Structures are given as structure tokens and as C-alpha cells.
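Enquirer: Sequence and predicted structure are below.
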Amino acid sequence: MRKVFRTLVTILSLALIFFGLDWTSPSQTANAATALAISTTSIPQATYEKAYTTTLKATGGTLPYHWKVASGTHPPGFALNSGTGQLYGTPTKDGSYPLTFSVTDSSKSAQTKTVKLTVVVATSNSSSASLAITSATLAAGTDGAAYASQLKASGGKPSYTWSITSGKLPAGLTLAATTGMISGTPSATGTSTFTATVKDNSNPQETKSASTSIAIAAEGTQTAGPGTTWYIRPDGGTNTQCTGKKNAAYPGSGSGQACAFNHPYQMLDSSGSWASFAGGDTIQFVNTSGRSDTYYMGEQNGGVGTDWHSQLSGICPAPNSGNGEGSQCILPAPPSGTSGQHTRILGQNAGNCHDSGHTHLVNPTVLSGIDAAFVVLDTRGTDYVDISCIEITQPDTCTTVAGAGQCGTNANYVRYGGLLLNYLTEQGPSNLTLKDVAIVGTAGSGILGSKLNKSGSDVFSASDVYVIGNGQAGWNGDGGGCNTSCETVGTMNISYATVDWNGCVAVKPYDMTKPDTQNKFNHCYGQESGGYGDGFVQIAAGNMTMNVDHSHFRWNTQDGFDSLHLSDDVKTSPAIHISTSWSEGNGGQTFKLGAGAASSAINNVSISNCRVLSNASAFPLNPSGWALDSADTCRAAGDQWAFQMNNGTVITLENNTSVGYGNTMYDVECAAQAPNCTANGAKFIFRNNISKGYPDPGNSNTLASGIYLGVGNVFANSGSEIDHNLWNTVATGCPESFLAGQEKIFTCGNPDLVGESNINAINPNISSSSPAINSGIAISGVTTDFNGKTRANPPAIGAMEP
């Protein structure tokens with residue numbers, strides 16, 4: 001009967017609509033007949049820096065309701081759910097906030113009601129406690145390895161400002177004043193003792209100091225534990241001929257001999273699982289020729305590699321299978337080690353595997369993927385694994401996108417990624433260490449995946465990592481298809497990374513000792529033509545801290561360094577700190593920073609010359625006859641820096657040198673889930689930066705504007721700063737026209753760079769006559785410049801001292 005009744009009602013409704021009439025169900029009529037009213041008469045008190053929620057309520061009218069703040073500004077850190085009337089968040093400022101709320105119903109003649117209420121945010125007991133330093137003990141570090149450790153405080157009134165008031169940090173380390181993060185790459189051994197001082201935001205200001213130290217040990221390969229060392233060398237034998245436990249050649253006869261294996265696949269059983277490699281063990285490649293040895297990873301194809309089908313029938317097809325059938329003929333992820341005994345994969349020259357200038361590897365072991373191998377090295381779900389002195393590549397020059405250079409059905413290439421961190425929603429590695437690793441010229445991405453670390457104390461470390469000329473992205477830190485479920489936690493430390501020419505593919509043979517002077521990159525694609533081309537991108541992130549220093553992001557067909565979308569999830573608080581790094585010649589933007597809590601960029605060089613990739617004659621390193629397609633050239637309007645902020649985010653830019661063209665030099669926006677970030681306590685600190693505009697050759701030689709504030713005037717917020725910057729040939733003037741009343745100390749004029757006549761060949765060092773010299777303001781923790789030179793007092797504006 002209910003079904004028949006609903007059918008009759010539907011027919012009657014359609015008939016009435018056809019004749020221009022309207023019909024409303026009895027229940028709707030009764031609801032609409034009731035006047036809309038707000039039943040909430042007061043709002044419970046909130047407490048400073050304490051999570052809070054309350055719900056506004058209404059009666060009558062027609063559901064659903066739509067709530068909004070009609071006048072006034074709610075406390076910083078708060079948000080209103082328009083559908084439910086829930087007022088929620090963590091207030092970042094105390095005080096009294098008079099507000100007018102309105103609710104509108106969904107009736108045909110919408111009813112609206114308003115109510116005036118006051119939200120009171122009281123000072124918490126914890127914030128009235130005395131200021132104290134809670135982290136006087138800092139982690140030890142290693143010379144030449146990425147380092148990060150954070151000073152922390154409690155009590156007083158945040159936000160805090162940190163400084164070093166006596167002594168000094170170890171050479172190569174800097175202090176972020178707004179976060180207390182000490183990071184960088186130590187360049188000398190020894191123990192540095194210093195006094196750290198913190199000031200709070202109260203009036204009068206509280207100050208506390210503590211003496212502490214950081215010990216930096218000499219660089220060295222981790223000492224082997226009691227686990228087994230398995231030796232791999234070209235003159236070794238099979239797993240029936242040799243035990244793999246002795247660094248010796250196969251004698252030529254016999255079985256079970258004390259000698260090395262001739263390939264890591266000798267350590268697998270027929271199903272493709274590890275047969276003789278346990279957690280805490282070491283694989284040690286051994287060289288006997290004085291040059292790099294190459295091991296082909298995958299099933300034999302076209303005469304390249306070894307036929308593994310009889311031994312590894314569970315994963316390897318017959319030779320010359322083609323059509324991607326050999327994609328699973330790969331090594332499994334290494335077994336996990338422990339914090340006291342890492343599992344290690346060491347190339348033939350581990351411990352002495354990069355040059356002194358950090359420009360290339362020296363005689364690494366080469367793992368070359370063939371027969372459309374899915375990946376070359378897989379680290380999914382591992383714990384405490386070290387990989388050192390390894391180069392990953394493929395024999396063929398080809399990409400995995402359509403067009404010139406596309407891999408044929410029988411090509412020897414790497415289908416997905418050179419080094420796999422995670423796939424889709426799978427867990428990535430925890431406490432993985434990459435040292436002296438190169439991924440060059442693979443058809444897919446160089447490094448792929450995220451979801452790193454399982455706990456907040458886990459650390460991912462990468463130093464002297466070279467990701468060059470890969471057909472898709474260079475370092476693609478997106479888990480893929482998982483939104484925020486692939487979040488990384490803990491800490492990521494990245495030092496001396498070179499991420500160049502991705503979106504293109506390196507022409508073989510490729511000489512790693514000359515990574516950017518060979519004109520050996522072609523088959524280049526951007527996102528609009530089926531490729532990808534980001535240099536470094538980290539998308540999915542949780543409550544993690546990423547520290548990047550001494551790195552390069554150049555000539556990638558999309559963006560250079562992209563951490564913008566780390567701020568997409570307002571429930572997490574990632575922090576990104578990048579220093580002494582260089583971004584240039586990318587098809588899109590140079591640096592993109594997002595954050596939940598805080599981000600900083602200090603002593604960096606940004607060169608925005610995105611049209612270089614579409615004009616072979618303008619670029620001395622461009623392969624003859626090659627240019628990036630026009631749809632990907634200067635994508636995102638060629639904006640140079642991009643920032644995305646959440647409620648309460650602090651972004652700091654200090655002592656950077658930025659030159660180039662595009663629409664805007666600095667684009668500052670709120671994250672989509674925090675559209676009112678400026679009203680909710682976001683802060684921007686912009687000091688000691690050089691900004692020099694150049695005519696855009698692809699847009700009537702127009703100059704870029706300086707700062708675009710899509711968030712509203714964030715510089716008006718307490719704690720924001722804009723001062724001691726140098727502006728030259730920027731469309732919006734010197735200083736920024738709409739900030740003229742706020743930036744009161746500034747320098748106008750040509751910074752007199754050592755090489756500035758050709759935007760495609762910039763030398764960002766400043767000459768002895770530069771007006772930037774001694775025109776900056778001393779900033780706590782910024783004691784050296786991009787070149788490692790001690791900062792003057794007062795310092796020069798920009799990344800370099802003269």
C-alpha cells in the first residue's frame with residue numbers, strides 16, 4: 001500500500017506541475033508554517049589554545065538551515081560549519097568577540113533570523129604559567145648528513161621567538177627563529193656549545209635561556225652488526241656454486257664454494273622471495289675493475305641481461321617476453337632491520353661515493369632495469385634500511401608517454417619508478433636512509449611514493465641524491481589515489497639533492513660525472529601532453545617536518561620544488577624548512593610552500609625563466625631542435641613563489657634572492673579548507689629579500705608584480721613582518737605600492753648581481769658595489785649565507801654576502 005500511495009503522490013505532483021501548480025506534502029506544509037527562530041541565547045566560554053566546540057540551534061522553518069557570521073569576526077582559530085551551525089576550533093588569541101549570527105532556512109520564500117552573541121576566550125592556566133624551555137637536550141649529528149632537532153618551550157604567551165645569544169651552532173646548521181628548529185647539514189666535526197634564548201609574545205615580554213650543545217661525529221658507514229654480509233661481484237657464482245658469504249671470485253668449479261654471488265637475484269627462491277637475506281644483513285657489491293659495474297634487473301630481453309626464468313619462474317617470464325610481461329621480475333623489498341642493526345644495500349664504493357662539490361657520484365654500482373620492470377628498488381613497508389652508492393637507470397632512451405621516445409613493446413625500460421617508496425595506500429618505509437643514490441633516465445618517475453614513517457620519532461634521511469632526466473616526475477611524493485590516507489609523519493631530512501631535467505629523459509649513454517653539461521636530454525613532456533614533469537613534489541603529509549638544504553631543482557617541465565599541498569588537510573600540521581637551495585628554469589613555479597604550522601625559506605636562490613624550456617636558441621644547455629610544448633610553458637601564469645596557509649600558519653622568507661618574470665613573484669593564498677586564514681591568525685614574515693623583475697619575452701615584456709595577497713592583508717596581523725627588502729624593476733613599485741605604509745625600511749635600486757644581463761645565465765652573487773651590502777637586519781640563526789660565508793652585521797640583503 002505504501003508503494004501504491006507514493007506512486008499516486010508522484011503522479012499527482014507531476015500533473016500539478018504540468019498545469020503550473022505546486023503541491024507540498026502535509027509534513028512540509030506543517031514545517032513551513034512554523035516561523036524560523038534561533039533558540040541559542042548564549043555561547044559557552046572558550047579557553048585559549050584549547051580545542052572547543054559548540055552548536056548553534058534553530059527551530060521552525062524548512063530544513064536544511066544555512067548558518068553564517070553576519071557581522072563581526074570570530075576568534076582566530078575558529079570556524080563555523082554553515083550546514084550544522086557548529087562553531088569549533090582552537091582559539092589562538094584570548095579576548096571578547098561580539099558576533100551576529102544569521103540562519104536561513106530552505107523554504108521557497110526563505111526565512112532569515114539573526115542573533116547577537118559574544119564569544120569569550122579566556123586565558124588558559126597553562127598560558128599564564130611562566131615561560132620555560134622544555135628541550136635543552138639536542139640530538140647528535142654526523143658530518144655531511146642532514147640534521148634536524150627542535151628547541152621547544154612552554155608557558156608564557158605564544159608565539160615564541162628563538163635566538164642564539166652566546167656561542168654558535170655547528171657549521172652548516174641554522175636556527176628558525178619562529179619554530180626553534182635547528183636544521184641543515186653539518187660541515188665540521190666536534191661539539192658546539194651555545195646558549196639558546198626564547199622570548200614570548202606577552203607584554204611585558206618574558207625571556208628564558210638555556211645552555212645546550214650539539215655533537216657532530218665524523219662521517220662514516222654504519223658499522224656492520226652481527227648480521228650476515230652477502231657479497232655480490234661480477235666474477236662470483238650462482239647460488240649453487242657459491243655461498244655468497246665471502247668476498248672472493250668463483251674458482252671455476254665445484255659447488256657450495258666460499259665465494260660471492262654474481263647477481264642479487266641469486267639470493268631469491270623460485271617464487272621471487274628472499275631465500276638468503278634477513279633483517280640486519282648487508283648486501284655488499286664488490287668491484288674488481290676500478291669502474292662502475294652494471295647489474296641488469298629484470299628478465300633478459302633483446303640479448304640484454306640474464307635469463308632468470310628457470311630459477312625464478314614465479315616472477316620472471318621467458319626471455320624476450322615483451323608487452324610488459326617482465327614487469328614483476330624484480331627484487332622484493334628488503335627485510336626490515338632494527339634501530340640497532342640496520343639492513344643495508346651498499347654499492348661498490350660506499351663511504352667514498354660522491355665528489356667534494358656534491359655534483360655527482362663516484363663509481364657507484366649501477367642497477368639497470370630491463371624488460372619493462374615495474375621498479376628497480378622497492379622499499380615498501382620496510383624499517384631501518386640503508387641504501388648507499390647505487391645508481392638506478394635503464395638501457396633505453398624512452399619515456400612512458402605517447403610521442404617521440406615512447407617505449408616499444410619489447411623495449412628495455414623501467415615502467416613505473418626507479419625507487420619505490422610506496423604504492424597507492426600501502427605503507428612506505430620507516431627510518432629509510434638514502435646516501436649517494438642516483439636515479440637517472442628512467443621512463444617513469446625517479447623516486448615515487450610517500451606515506452613515510454610510522455611514528456613521530458621516525459626519520460627519513462636522504463643525502464647526495466641525484467634525480468636527473470626521468471621521463472615522468474623526478475621525486476614524486478604523492479602516494480597516488482589516496483587523498484590524505486597516505487600521510488607521512490615524523491621527519492624528512494634531505495640534503496644535497498639534485499633534481500634536474502625531469503619530464504625529459506636522459507639520452508644514453510649518460511655520464512653521471514657531467515650531469516648538466518651534456519645537452520643529453522630529450523623526449524620532454526609536461527602535464528598537458530601526457531607527462532608530469534615536477535622536480536620534487538610532496539603532496540600527502542601528516543604531522544611531519546621536512547628539512548631541505550643545499551639542493552637544486554632545475555629545468556623540470558613542471559614545478560621545481562612543490563610542497564604547496566601539504567596544507568590541504570587542516571587536521572594536520574606539517575612544517576617545511578628549505579634553505580641554501582636553488583630553483584631555476586622550470587616550466588612552472590620555482591618554490592611552492594604550504595604548511596599547517598610553519599614553513600620557512602632562508603638563503604635560497606629563485607630564478608623564474610620558464611620560457612627557457614620552449615626556446616632552444618635562448619638556452620645554452622638545450623638539445624638541438626627541442627622545446628617544451630607551449631601548453632606547459634609558464635604554467636600557473638609563471639608565478640615564481642607560491643604559498644598556501646592554514647589558520648595560524650607562520651611562513652617565513654628571509655635572505656632569499658629572487659629574479660625573473662611571470663605574473664607575480666610571490667603569490668600568497670589561503671588553503672581551500674581554511675579560506676579565512678588571515679582572520680584566523682596566519683602570519684607572514686618577509687625580510688632581507690632581493691626581488692628583481694625581468695621583462696617577460698612571451699608577454700609583451702611586461703614585468704611581474706611583487707606580492708599578491710589572495711588572503712587579504714596578512715601583514716596587518718600581529719607577528720607578521722615586512723622590512724629590509726630590496727626591490728628592483730617590479731611592476732608594483734618599491735616598496736610594494738599597497739604596502740607602502742607597512743614596509744617602512746627598504747632599499748630601491750639594482751642589486752648589482754655579478755651576472756644579471758641574461759636571465760637564462762644569472763649569477764646571483766652581489767658585486768662589491770651592491771646597495772644590498774649591510775642593508776639588511778641581523779636575524780637570529782641566520783649566521784651564514786648561501787655560500788657558507790659568515791654573515792656581516794648588519795648583513796647583506798639576499799642570499800649572498802659579497
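Expert: Arrived safely, thanks for sending.
Enquirer: and the end-to-end length of stretch 319-332?
Expert: 20 Å (Cα to Cα, to the nearest Å).
Enquirer: And it, what's buried?
Expert: By neighbour count on 16 or more other Cβ atoms under 10 Å, the buried set for stretch 319-332 is 319, 321-322, 325-331. The way it works is simple: take the backbone N, C-alpha and C, and place the C-beta from them, glycine included.
Enquirer: Low-confidence regions, the stretch 301-450 of the chain specifically.
Expert: For the stretch 301-450 of the chain, applying pLDDT under 70 flags the ranges 402-405, 409.
Enquirer: any chance you could map the helices in it?
Expert: For the stretch 301-450 of the chain, applying DSSP state H, counting those that start in this stretch gives no helices.
Enquirer: Where do the helices of the stretch 1-150 of the chain begin and end?
Expert: All helices of the stretch 1-150 of the chain, identified by DSSP H, counting those that start in this stretch, fall at 2-18, 26-32, 125-128.
Enquirer: hang on, the earlier thing: go through the buried residues of stretch 319-332 and say which is closest to Lys168.
Expert: Leu331 (45.4 Å; Cβ to Cβ).
Enquirer: follow-up on the earlier one: how about the buried residues of stretch 319-332, which pair is most distant?
Expert: Taking Cβ to Cβ, no two of the buried residues of stretch 319-332 sit farther apart than Gly322 and Leu331, at 21.2 Å.
Enquirer: ok, now how distant is Glu325 from Ala188?
Expert: 53 Å (Cβ to Cβ, to the nearest Å).
Enquirer: do Cys407 as well
Expert: For Cys407, the distance to Ala188 - Cβ to Cβ - is 47 Å.
Enquirer: more crowded one of these two?
Expert: Shown here are Cys407 and Ala188; by other Cβ atoms under 10 Å, Cys407 has more neighbours (22 against 12).
Enquirer: list the contacts for that one?
Expert: 372, 396, 398-400, 413, 443 (Cβ atoms under 8 Å, 6 or more residues apart in numbering).
Enquirer: Stretch 262-275: which residues count as buried?
Expert: Applying a neighbour-count criterion of 16+ other Cβ under 10 Å, the buried positions in stretch 262-275 are 262-268, 272, 274.
Enquirer: What of stretch 157-173?
Expert: Neighbour count says stretch 157-173 has 157-164, 169-173 buried, by 16+ other Cβ under 10 Å.
Enquirer: quick one: which two of these are the most distant?
Expert: Lys157 and Ala171 (34.3 Å).
Enquirer: And the buried residues of stretch 262-275, which two are furthest apart?
Expert: Checking these with Cβ to Cβ, the most distant pair is Asn262 and Gly272, at 18.1 Å.
Enquirer: hey, where'd the strands end up in the stretch 601-750 of the chain?
Expert: Applying DSSP state E, counting those that start in this stretch to the stretch 601-750 of the chain gives strands spanning 605-608, 641-645, 650-654, 657-660, 664-670, 683-687, 690-693, 705-709, 721-723, 725-728, 746-748.
Enquirer: okay, how far is it across stretch 771-785, tip to tip?
Expert: Stretch 771-785: ends 17 Å apart by Cα to Cα.
Enquirer: Then stretch 704-724?
Expert: So stretch 704-724: terminal residues 20 Å apart, Cα to Cα.
Enquirer: ditto for stretch 150-158
Expert: Per Cα to Cα, stretch 150-158 runs 16 Å from first to last residue.
Enquirer: pLDDT on that stretch, on average?
Expert: Stretch 150-158 carries an average pLDDT of 82.
Enquirer: mind checking how far the closest residue in space to Asn352 that isn't next to it in sequence is from Ala575?
Expert: Spatially, and ignoring its direct neighbours in sequence, Asn352 is nearest to Val362 (6.8 Å; Cβ to Cβ, 6 or more residues apart in numbering). For Val362, the distance to Ala575 (Cβ to Cβ) stands at 34 Å.
Enquirer: what about these two, which has more around it?
Expert: Ala575 (24 against 15).
Enquirer: quick one: the more buried one and Gly180 touch, right?
Expert: No - applying Cβ atoms under 8 Å, one finds Ala575 not in contact with Gly180, separated by 10.7 Å.
Enquirer: okay, now Leu63: neighbour count?
Expert: 11.
Enquirer: ok, so what distance separates it from Thr55?
Expert: Noted for Leu63: a distance of 15 Å to Thr55, by Cβ to Cβ.
Enquirer: and if you look at Leu361?
Expert: On the measure of Cβ to Cβ, Leu361 and Thr55 end up 59 Å apart.
Enquirer: Compare neighbour counts for those two and give me the winner.
Expert: Leu361 (26 against 12).
Enquirer: thought that one was touching Tyr466?
Expert: Yes - the pair Leu361 and Tyr466 passes the contact test of Cβ under 8 Å, sitting 6.7 Å apart.
Enquirer: any common contacting residues for the two?
Expert: Counting by Cβ under 8 Å, 6+ apart, the residues touching both Leu361 and Tyr466 are 438, 512.
Enquirer: Could you double-check that Gly190 lies in contact with Pro170?
Expert: Yes - contact criterion Cβ under 8 Å: Gly190 and Pro170 qualify, at 7.4 Å.
Enquirer: Give the residues shared as contacts by those two.
Expert: Taking Cβ under 8 Å, 6+ apart as the contact rule, the neighbours common to Gly190 and Pro170 are Ile216.
Enquirer: circling back to that earlier point, pretty sure the residue nearest to Asn352 is touching Ala350, no?
Expert: No - counting by Cβ under 8 Å, Ala350 is not a contact partner of Val362; they are 10.8 Å apart.
Enquirer: residues in contact with Thr134?
Expert: Shown in contact with Thr134 (Cβ under 8 Å, 6+ apart): 152-154.
Enquirer: Filter the residues you listed down to the ones in strands?
Expert: 153-154 (DSSP state E).
Enquirer: Any chance of a markdown table for the strands of the stretch 601-750 of the chain, columns mean pLDDT and distance to Thr112?
Expert: As requested, the strands of the stretch 601-750 of the chain are arranged in a markdown table below (pLDDT from 0 to 100; distance: least, Cβ to Cβ, whole Å):
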| stretch | mean pLDDT | distance to Thr112 |
| --- | --- | --- |
| strand 605-608 | 97 | 48 |
| strand 641-645 | 94 | 32 |
| strand 650-654 | 95 | 38 |
| strand 657-660 | 98 | 48 |
| strand 664-670 | 95 | 27 |
| strand 683-687 | 95 | 35 |
| strand 690-693 | 97 | 47 |
| strand 705-709 | 93 | 32 |
| strand 721-723 | 94 | 40 |
| strand 725-728 | 97 | 47 |
| strand 746-748 | 96 | 47 |
